[in-house]
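> Provide a 3D model corresponding to the input given below.
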Amino acid sequence: MPERTIENYLIDMDGVLVHEEHPIAGADTFIAGITAAGLGFLVLTNNSIYTARDLSARLSRSGLEIPPERIWTSALATALFLHTQRPGGSAYVVGEAGLTTALHDIGYVLSDSSPDYVVLGETRTYSFEAITRAVRLVRGGARFIATNPDPTGPSVEGLLPATGAVAAMITKATGVTPYFVGKPNPLMMRSALNTLSAHSETTVVIGDRMDTDVVAGLEAGMDTVLVLSGITTHADVERFPYRPTAVVDSIARVPVGRDVRTIDGALTPLAAAPAARRQPPPPTTRRRPPPPDDAAPPSPTR
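From the prediction side, this is the model:
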């Protein structure tokens with residue numbers, strides 16, 4: 001198996017680099033390593049609340065120095081998508097500065113009067129009045145877009161209802177399902193690749209969720225690494241009909257610039273299944289060794 005050259009990384013943020021405001025051990029070393037090696041990377045997040053500058057400042061407080069231009073949010077991906085679909089359009093936005101700033105930057109007018117789109121993003125203060133207005137506009141013919149399908153989001157106090165949950169409410173009231181731009185839509189991965197001027201064959205996705213990061217990377221044609229420092233557990237991996245290229249404890253176990261198919265000692269779904277799920281080996285009996293001219297077949301390699 002020829003080893004692939006790795007030139008770029010798409011790295012999920014929450015659960016891979018940080019837990020809320022706390023850095024994950026080894027994340028700073030990995031970022032420093034790919035920076036020193038001159039490799040390209042983007043930090044990806046479905047969170048549309050904050051601008052890239054806001055998130056850069058947040059990561060800096062956690063000890064991770066990542067400039068805004070290295071951060072790609074579902075809000076930025078949504079704005080780029082709308083710009084390619086209907087340049088200079090208008091939108092009614094339910095969301096916060098990360099989304100409204102991204103739409104302003106691509107020349108969109110924010111309006112609640114016959115907008116081209118209703119764009120739903122994440123906010124910690126969903127307004128019933130704003131949701132009602134969104135329902136009426138969608139029923140009136142506005143196209144319905146949502147930044148991401150995540151039903152819940154993390155907070156210090158526990159889970160919060162997120163974009164996917166509120167989108168379901170609007171869908172129930174209108175009969176219209178939104179187009180979700182963020183992960184697991186591979187469109188977000190493709191837009192990130194285009195931002196890096198990267199090719200899928202030389203780019204690796206690192207994430208903590210099988211149902212967003214891994215499937216989006218797989219569908220966009222990239223190798224994927226699942227880290228167990230976030231949402232998905234090792235036992236969860238076996239429930240899915242697809243597999244990541246490799247599974248590791250944390251981003252600290254990902255070697256910089258190396259083909260992730262050859263990670264030494266990586267926890268893979270086949271090689272390191274939880275002990276409770278393994279079947280005991282069949283009993284063996286002692287046999288005499290074969291005669292010298294009876295060469296045993298070589299052991300398979302993984």
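
> quick one: low-confidence parts of the stretch 201-302 of the chain?
264-302 (pLDDT under 70).

> so where do the strands sit in it?
Under the criterion DSSP state E, counting those that start in this stretch, strands of the stretch 201-302 of the chain are mapped to 203-207, 223-227, 246-248.

> I'd like those as CSV, with mean neighbour count and distance to Pro186 appended.
C-beta coordinates here come from the backbone N, C-alpha and C atoms, glycine included. Compiled in CSV, the strands of the stretch 201-302 of the chain are given as follows (neighbours: other Cβ atoms under 10 Å; distance: least, Cβ to Cβ, whole Å):
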stretch, mean neighbour count, distance to Pro186
strand 203-207, 27, 10
strand 223-227, 26, 12
strand 246-248, 24, 20
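
> In JSON lines: those strands, plus distance to Asn8.
Shown next, in JSON lines, are the strands of the stretch 201-302 of the chain (distance: least, Cβ to Cβ, whole Å):
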{"stretch": "strand 203-207", "distance to Asn8": "4"}
{"stretch": "strand 223-227", "distance to Asn8": "11"}
{"stretch": "strand 246-248", "distance to Asn8": "17"}
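
> closest to Asp105 out of these?
Closest to Asp105 of the strands of the stretch 201-302 of the chain, according to Cβ to Cβ: strand 203-207, at 25.2 Å.

> helices and strands around the closest one, which ones?
Strand 203-207 sits against strand 8-12, helix 186-196, helix 215-219, strand 223-227, with contacts defined as 3 or more Cβ pairs under 8 Å, 6 or more residues apart in numbering; DSSP states H and E.

> 7 Å instead, please
With contacts taken as 3 or more Cβ pairs under 7 Å, 6 or more residues apart in numbering; DSSP states H and E, strand 203-207 sits against strand 8-12, strand 223-227.

> from the middle of its chain, how far away would that strand be?
9 Å (Cα atoms, centre = their mean, to the nearest Å).

> Please settle this for me: is Thr132 part of a strand?
No - counting by DSSP: H, G, I helix; E, B strand; the rest coil, Thr132 is not part of a strand but helix.

> what's the closest non-adjacent residue to the spatially most central residue of the chain?
Centroid-nearest residue in the chain, with Cα atoms, centre = their mean: Asp213, separated by 3.6 Å. Leaving aside its sequence neighbours, Asp213 sits nearest to Gly207 (Cβ to Cβ, 6 or more residues apart in numbering; 2.2 Å).

> With Thr45 as the reference, measure out to the one you found.
From Gly207 across to Thr45, the span is 10 Å (Cβ to Cβ, to the nearest Å).

> Averaged pLDDT, stretch 65-80. What do you get?
When pLDDT is averaged over stretch 65-80, the result is 97.

> scratch that, stretch 29-41
96.

> starting at the chain centroid, how far to it?
With Cα atoms, centre = their mean, you get 19 Å for stretch 29-41.

> shouldn't Ala162 be in contact with Gly153?
Yes - counting by Cβ atoms under 7 Å, Gly153 is a contact partner of Ala162 at 3.9 Å.

> out of these two, which sits in the busier spot?
Per other Cβ atoms under 10 Å, whichever of Ala162 and Gly153 has more neighbours is Ala162, with 25 against 19.

> Give the full set of residues in contact with the more buried one.
For Ala162, the contacting residues are Glu122, Asp150, Pro151, Thr152, Gly153, by Cβ atoms under 7 Å, 6 or more residues apart in numbering.

> same deal with Ala25?
Applying Cβ under 7 Å, 6+ apart, we find Ala25 in contact with Ser250, Ala252.

> cutoff 10 Å now
Residues near Ala25 by Cβ atoms under 10 Å, 6 or more residues apart in numbering: Ser229, Asp249, Ser250, Ile251, Ala252.

> did I read that right, it in a strand?
No - counting by three-state DSSP, Ala25 is located in no strand; its state is coil.

> Relative to Val227, how far out is Asp249?
The gap separating Asp249 from Val227 is 7 Å, by Cβ to Cβ.

> hmm, I was thinking of Gly141
For Gly141, the distance to Val227 - Cβ to Cβ - is 43 Å.

> anything in contact with each of Gly207 and Thr45?
Common neighbours of Gly207 and Thr45 (Cβ under 10 Å, 6+ apart) are Ile11, Asp12, Met13, Asp14, Val16, Lys183.
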